[in-house]
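Novice: How does the following fold in three dimensions:
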Amino acid sequence: MTGLTQTTSSNAIRQTLSELSPGLKSLLAFEPSNLRAVGEIARTPALLAEVRASLPAIEARAKAPASPKDVERIIGAKFATYRQPERSDGEWAMFWADYKAVLEDVPASALEAAMDAIIRDPKIEFLPKPAKLREIAMLTENRAVRAFDRARQAIELADRPPEQPKVGLPPIVTAKPPKPSEEDRARVKAWAREFAQQDEARKAAEKAQRRADMPDTSGAPDQTGVTPAMRAHLAQKQDKGRAA
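Specialist: The predicted structure follows:
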């Protein structure tokens, strides 16, 4: 036996669970949506307080192994459906010894769920043997385990720290800029005039430099309109081009 079952008797577990409010019982065991059941419990203070207080009993109901008396009680309850042959006391003792030995570590809730599943299965006409019954118990979903999972998840959800707000970019300023004053307008116009004057002076200096760099090609033009000095300048440029 585990420490849980040693400190929590079967009667105490059943007593605690029987005192749960109808709303909590419904959410833990019968609500189809796991998400809705967990969320509803986590955000309802009364249900959350109730499930916190009852969690040890809910867990014990889901996990506590079946006692020898539980095995006899749960299986014997179905003898009305699965008729048993006449047996001597010794044969009955051997019958129960086999079931108790094989099912000793199976939770009582799983064994109850297995027997309910067997009754609903049209293919099963006889009480399964111990090993088969154990297999069915391990594979069958039961409400006790579902109730414990939902109770635990609801408490974890309620105790989860709130998410920190995300740090985003600073807000975009959409206010219109102020209109320029008369002083601002006058200063901009002065800058514009000064720039225009400087640009004109630069252009004039560049033009004068280009003229100074040009050779003197004045003189009387020939019949083609080219002066001898210009023709000599053009020939000199051609010679430089060939040399390059």
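Novice: pLDDT weak spots in the chain?
Specialist: 1-16, 164-178, 180, 188, 210-215, 217, 223-226, 237, 240-241, 243-244 (pLDDT under 70).
Novice: so where does the residue nearest the centre of it fall, helix or strand?
Specialist: Computing the C-alpha centroid of the chain and ranking residues by CA atoms, centre = their mean puts Glu163 first, at 12.9 Å. Taking DSSP states H and E as the definition, one finds Glu163 inside no helix or strand.
Novice: most distant residue from the middle of the chain?
Specialist: In the chain, the residue that sits farthest from the middle, by CA atoms, centre = their mean, is Ala220; the gap is 93.9 Å.
Novice: What is the burial count for Leu111?
Specialist: 25 (other CB atoms under 10 Å). All C-beta spots, glycine's among them, are computed from the backbone N, C-alpha and C.
Novice: and it, how far is that from Thr140?
Specialist: 9 Å (CB to CB, to the nearest Å).
Novice: Same check on Arg160?
Specialist: 31 Å.
Novice: more crowded one of the two?
Specialist: Thr140 (17 against 9).
Novice: Who are the contact partners of that one?
Specialist: Neighbouring residues of Thr140 by CB atoms under 8 Å, 6 or more residues apart in numbering: Ala110, Ala113, Ala114, Ala117.
Novice: swap in Glu50?
Specialist: Leu20, Ser21, Leu24.
Novice: In this structure Val106 contacts Arg134, no?
Specialist: Yes: contact status for Val106 versus Arg134: in contact at 6.0 Å, counting by CB atoms under 8 Å.
Novice: pretty sure Asp222 contacts Met230?
Specialist: No: look at Asp222 against Met230 with CB under 8 Å: they stay out of range, at 9.9 Å.
Novice: Tell me which of those two has more neighbours.
Specialist: Between Asp222 and Met230, counting by other CB under 10 Å, Met230 is the more crowded of the two (17 against 11).
Novice: That one belongs to a helix, doesn't it?
Specialist: Yes: according to DSSP: H, G, I helix; E, B strand; the rest coil, Met230 belongs to a helix.
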